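A.B. asks: Output the structure for:
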Amino acid sequence: MLGDFVRGRAALRQFDSGIRSGIMLHRHIDAFTDALPVVAGLRERFQTPFRRYAGIIIDLAFDHELVLRWEDYSGVSILQFDRDLRNLLARHHHLLPSGLISFMKYADRRGLFASYRHEAEILHSLKGISRRLSRPNPLGHVDEIWPEIKPLVAAAFEPAFRHIQSEVDGWLKSKSTMTGS
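C.D. replies: Numbers count the residues shown, from 1 in each chain. Got it, this is the predicted structure:
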């Protein structure tokens, strides 16, 4: 979660090495995912004016797909994961940037992350992002293209997620080798 709210190297230095490593992994996953050919191909399927915002749309649509398939990847239910995440953040509240604290208040009100299984919640979240962006954008109208992109995202998710899992395993092994753990 911190990876979406901690910006820059100076902000990163305020955290201990374990948290810094998690933030760096988050950033690595984001960059790696954006560079995947299956994701690039998916972005190309978006028409103007949505193409410029395809990365945001794909990110939330992948969250939707992950929650739909959660049991395929985790022995912990999405509800338990959600509780565990909230408890972890609450225990470390003093470390959290104000943006993450605000987001978690929103998440509590909306029942995120389990509610990402509902398409309506993804579309609601995209509308919220639309209002927070400084320039006019089409994110509040993704419902108009959702029936077209939903099956494309669903088909791209599994191959993308397999690549991401493999990349994360490699990244963690490389860090473990560097630290001697």
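
A.B. asks: Any stretches of this structure with poor pLDDT?
C.D. replies: Residues of the chain meeting the criterion pLDDT under 70: 178-181.

A.B. asks: burial of Val153, as a residue count?
C.D. replies: By the criterion of other Cβ atoms under 10 Å, Val153 has 20 neighbours. Quick note: C-beta positions are derived from backbone N, CA and C, even for glycine.

A.B. asks: what's the longest helix in the protein?
C.D. replies: Secondary structure of the chain per DSSP state H: the longest helix is helix 146-179.

A.B. asks: so what does it touch, helix or strand wise?
C.D. replies: helix 17-35, helix 37-44, helix 54-68, helix 119-132 (3 or more Cβ pairs under 8 Å, 6 or more residues apart in numbering; DSSP states H and E).

A.B. asks: and those helices, which is most packed in?
C.D. replies: helix 54-68 (a mean of 20; mean count of other Cβ atoms under 10 Å).

A.B. asks: tell me which residues of the helix or strand following that helix are tucked away?
C.D. replies: Sequence-wise, the next helix or strand downstream of helix 54-68 (DSSP states H and E) is helix 70-73. Buried residues in helix 70-73, counted by 16 or more other Cβ atoms under 10 Å: Trp70.

A.B. asks: just use 194 as the starting number from now, easier for me
C.D. replies: All set: I'll call the first residue 194, so the last point we hit is now helix 263-266.

A.B. asks: chain center to helix 263-266: distance?
C.D. replies: Taking Cα atoms, centre = their mean, to the nearest Å, one finds the center of helix 263-266 at 16 Å from the center of the full chain.

A.B. asks: Adding distance to Glu337, write the helices and strands packed on helix 339-372 out as a markdown table.
C.D. replies: Listed next are the helices and strands packed on helix 339-372 as a markdown table, based on distance: least, Cβ to Cβ, whole Å:
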| stretch | distance to Glu337 |
| --- | --- |
| helix 210-228 | 24 |
| helix 230-237 | 18 |
| helix 247-261 | 12 |
| helix 312-325 | 10 |
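
A.B. asks: With His286 as the reference, name the closest of the ones you listed.
C.D. replies: helix 210-228 (13.7 Å; Cβ to Cβ).

A.B. asks: The closest one packs against which elements?
C.D. replies: Applying 3+ Cβ pairs under 8 Å, 6+ apart, we find helix 210-228 packed against helix 201-205, helix 339-372.
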